[in-house]
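Trainee: sharing a model prediction with you, sequence too.
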Amino acid sequence: MTSTPVIQSISPDNVPALQTVTVSGNYFGSTRGRLTLGGTAVSTSSWSNNSISFQVPANAHTGANAVVVTTSGGASSAPGTLHVVF
């Protein structure tokens, strides 16, 4: 049985577009799933069972954005939001 992913933190959590962000947690799996920022899928630069990195897209919404990781085990929302600033 595959475990549901768990997001523990986002670092940094207040960033401009094009900044690299790391999502830390558990049960992300070794196979890339899906990561969304404010409801929009974003490409990940690295993916492991405990860490995911991605670059905030240039067209990301300013302000608070929910981060959600979806794997074969289910979906997990970050405990806070990622604030995109310009």
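Mentor: That came in fine, so what should we check first?
Trainee: mind checking pLDDT for the spatially closest residue to residue 39 that is not a sequence neighbour?
Mentor: Excluding the flanking residues, the one nearest residue 39 by Cβ to Cβ, 6 or more residues apart in numbering is residue 66, at 7.2 Å. All C-beta atoms are positioned from the backbone trio N, CA, C, and that covers glycine. On the pLDDT scale, residue 66 is placed at 97.
Trainee: what of residue 11?
Mentor: Note on residue 11: pLDDT of 97.
Trainee: same question for residue 1.
Mentor: Note for residue 1: predicted pLDDT of 70.
Trainee: before we move on, back to that, do you know how far the residue nearest to residue 39 is from residue 1?
Mentor: Using Cβ to Cβ, to the nearest Å, residue 66 is found at 26 Å from residue 1.
Trainee: where along the protein do the strands fall?
Mentor: Applying DSSP state E to the chain gives strands spanning 6-11, 14-16, 20-26, 34-37, 40-42, 44-47, 51-55, 63-65, 67-71, 74-77, 82-85.
Trainee: highest average neighbour count across the ones you listed?
Mentor: Highest mean neighbour count of the strands of the chain: strand 67-71, a mean of 20 (counted as mean count of other Cβ atoms under 10 Å).
Trainee: other residues contacting it?
Mentor: The contact list for strand 67-71, computed with Cβ atoms under 8 Å, 6 or more residues apart in numbering, reads 2, 4-5, 7, 10, 23, 25, 27-29, 31, 33-37, 52, 75-78, 81-82.
Trainee: let's see that with 10 Å instead.
Mentor: Strand 67-71 has contacts (Cβ atoms under 10 Å, 6 or more residues apart in numbering) with 2-7, 10, 13, 21, 23, 25, 27-29, 31-39, 41-42, 44, 47, 52, 54, 75-82.
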